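Peer 1: Sequence first, predicted model second:
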Amino acid sequence: MANIGDKILYLVTDEAACRGKDFFESVEAAIRGGVSIVQLREKNLSTRDFYQKGLKLKKLCQDYGVTLLVNDRLDIAQAIGADGVHLGQTDMPIEVAKEILGPDKIIGITAKTIYQALDAQEAGADYIGVGAFFPTPSKKDAVLLDRSQLDMILERVRIKKYAIGGLGLDNVDKIRSYDMDGVCIISDILASDDCEARSRQIFDKINNR
């Protein structure tokens, strides 16, 4: 079980990464292994299919007491009663998203520079996804994070910071020395033959157990 002060293990979904395994069973196994935030990110679904998948995932997350966020789609987040959204730099402005979803919903955003991170903090974001730390197959155009930008973000940004981009069991220990609040992972968990065991291994590694 996670303890207060543990670094968060944050799962971003991608059904293709499951490599034929059942999507919901894979996510549930990851939650049992230590995931406490799930972001529904499925780029190629119709609105109806996204909504239906979101409803089922919301029920699963509720059963385990896990936070569910929706990537980009405020309409889906509203419709399924998700806990919030994760935005990109070209998505809805944070202030507008908060106005639409309400003050109790979580708003996160990806930040690659100190300017983006400070803008997010000022706009009222609850957290930033900081990266990319490593090349990632889920986003082939991802720009790797500059070390000087990372240092400034760590020094000046007070809201929660989650490391993103190409992270997995083999390299997640490399970000342990940074003052991050957790890590976001896709493929290294979902592509595993045993998502629960993989999640537990990563969770233990980021928490130095």
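Peer 2: That came in fine, so what should we check first? Residues are numbered from 1 along each chain as shown.

Peer 1: Point out where this structure drops to low pLDDT.
Peer 2: For the chain, the stretches with pLDDT under 70 are 1-2, 137-142.

Peer 1: and if we set it to 50?
Peer 2: Residues of the chain meeting the criterion pLDDT under 50: none.

Peer 1: Strands along that one, start to end?
Peer 2: In the chain, the strands defined using DSSP state E lie at 8-12, 37-40, 67-71, 84-87, 106-111, 127-130, 160-163, 182-185.

Peer 1: And the second one, what does it pack against?
Peer 2: Translated: strand 37-40. Judged by 3 or more Cβ pairs under 8 Å, 6 or more residues apart in numbering; DSSP states H and E, the packing partners of strand 37-40 are strand 8-12, helix 23-33, helix 47-64, strand 67-71. Where you see a C-beta, it was placed from the backbone N, CA and C, and this is true even at glycine.

Peer 1: switch to 10 Å and redo it
Peer 2: strand 8-12, helix 23-33, helix 47-64, strand 67-71, helix 74-80, strand 84-87, strand 106-111, strand 182-185 (3 or more Cβ pairs under 10 Å, 6 or more residues apart in numbering; DSSP states H and E).

Peer 1: Please produce JSON lines containing those, extended by distance to residue 145 and mean neighbour count.
Peer 2: Formatted as JSON lines, those follow (distance: least, Cβ to Cβ, whole Å; neighbours: other Cβ atoms under 10 Å):
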{"stretch": "strand 8-12", "distance to residue 145": "17", "mean neighbour count": "25"}
{"stretch": "helix 23-33", "distance to residue 145": "25", "mean neighbour count": "20"}
{"stretch": "helix 47-64", "distance to residue 145": "29", "mean neighbour count": "15"}
{"stretch": "strand 67-71", "distance to residue 145": "20", "mean neighbour count": "22"}
{"stretch": "helix 74-80", "distance to residue 145": "27", "mean neighbour count": "19"}
{"stretch": "strand 84-87", "distance to residue 145": "17", "mean neighbour count": "26"}
{"stretch": "strand 106-111", "distance to residue 145": "9", "mean neighbour count": "24"}
{"stretch": "strand 182-185", "distance to residue 145": "13", "mean neighbour count": "24"}
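
Peer 1: any chance of these in a markdown table, plus distance to residue 126?
Peer 2: What follows is these, written out as a markdown table (distance: least, Cβ to Cβ, whole Å):
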| stretch | distance to residue 126 |
| --- | --- |
| strand 8-12 | 12 |
| helix 23-33 | 21 |
| helix 47-64 | 17 |
| strand 67-71 | 10 |
| helix 74-80 | 14 |
| strand 84-87 | 7 |
| strand 106-111 | 5 |
| strand 182-185 | 13 |
